[in-house]
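Colleague: Model the following, please.
(chains A, B and C)
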Amino acid sequence: MPELPEVEVVRHGLRRWLTGGTIGAVTVLHPRSVRRHLPGPADFADRLVGRNVTEVCRRGKYLWMPLDSGDALLAHLGMSGQLLLQPPGHEPERHLRVRLGLDVPPDAAERELRFVDQRTFGHLLVDRLVPDDAGVGLPAVIAHIARDPLDPAFDDDAFALALRRRRTGVKRALLDQSLISGVGNIYADEALWRSRTHWARPTERISAPETARLLEAVRAVMREALAEGGTSFDSLYVNVNGESGYFERGLNAYGRRDLPCGRCGTPIRREVFMNRSSFSCPKCQPVPPAARF
DNA sequence: CCCCTGTCCTGAGCGC
DNA sequence: TGCGCTCAGGACAGGG
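Modeller: Modelled structure (predicted):
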């Protein structure tokens, strides 16, 4: 379940291989993986073949590679997506969806970029680059995605104000990628545990200092995960070299139903919210008055 | 405009 | 053994 730290690990791994490389043959093996490329798979391939990759960028959970054409190849890993660099003759993976030939700089070994995705919640598309609010290019289809909390240009004060204007629970707000990006179910639960916040705490009642503590908690859990090389549970997430990125021992709340809270020993509870699991400590994170469920 | 729910997908695990 | 059910959840369309 790749969230910001896992995607950043992938970005970092891809950067060295892709920058300066030229895209060769493109094969779409499963149309669903390019469903958000509205002109269709043939156009997807046409706009990639022969193009030079100039960079590998990320915002939140989105990854994109600007091309010398003014387009970018955009990727979202969804639940189970992987971007693997394999030798061209390597045996096809079970859930291989898209393959992109790659002519890498002359001193590097030949590689093929492969999009592997069991559950097909992830996707690839090609889109034009448009300037963002700082004049740097990002794909037009993700112009609505907020900056992420590790972005130096993330505006903490603006986030605090936007949070207080919302009429919802704090976890729903953390998962809203148009408010703050890169946070998924795992890091939301971890950050809420760390800041001793209940997931249903009404956003309009969250003070500026409390927002600051919450952001600090989000950043701390993400930095810890990055330091470990990315968090994930199942072998569905594999980093760019094909190694599984595990981080279970660093988790304090997520997936720890009935296990003791690391601070107070109270068994961690599991609740269903937004059709997904929320894990929290009943004692450290008590249900707030006027909770928004 | 804002908020929230339903939907997409595959495979593991489990009860009968 | 095999069948059917549940669970995992990111992003967005569309309804209220």
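Colleague: what's the pLDDT at the residue in the stretch 51-200 of chain A that DNA strand B sits nearest to?
Modeller: Residue of the stretch 51-200 of chain A nearest DNA strand B, by Cβ to the nearest atom of the strand: residue A:168 (3.2 Å). C-beta coordinates here come from the backbone N, C-alpha and C atoms, glycine included. For residue A:168, the model assigns a pLDDT of 95.
Colleague: so it makes contact with residue A:292?
Modeller: Yes: counting by Cβ atoms under 8 Å, residue A:168 touches residue A:292, with 5.6 Å between them.
Colleague: give me the low-pLDDT residue ranges for chain A?
Modeller: Along chain A, the parts satisfying pLDDT under 70 run over A:105-108, A:230-249.
Colleague: For DNA strand C, what is the nearest residue in it?
Modeller: Going by Cβ to the nearest atom of the strand, DNA strand C is nearest to residue A:184 of chain A, at 3.3 Å.
Colleague: Please name the nearest non-neighbouring residue to that residue.
Modeller: Leaving out its chain neighbours, the residue that sits closest to residue A:184 by Cβ to Cβ, 6 or more residues apart in numbering is residue A:3, at 3.9 Å.
Colleague: which residues touch that neighbour?
Modeller: A:61, A:182, A:183, A:184, A:186, A:187, A:222, A:225, A:231 (Cβ atoms under 8 Å, 6 or more residues apart in numbering).
Colleague: In TSV: those residues, plus secondary structure.
Modeller: Below are those laid out as TSV (DSSP: H, G, I helix; E, B strand; the rest coil):
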residue	secondary structure
A:61	coil
A:182	coil
A:183	coil
A:184	coil
A:186	helix
A:187	helix
A:222	helix
A:225	helix
A:231	coil
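Colleague: Just name the closest of those to residue A:120, please.
Modeller: Each of these was scored against residue A:120 by Cβ to Cβ, and residue A:61 proved nearest at 16.0 Å.
Colleague: Might one say that that closest one is in contact with residue A:1?
Modeller: No: judged on Cβ under 8 Å, residue A:61 makes no contact with residue A:1 at a distance of 10.0 Å.
Colleague: Okay then, goodbye and thanks.
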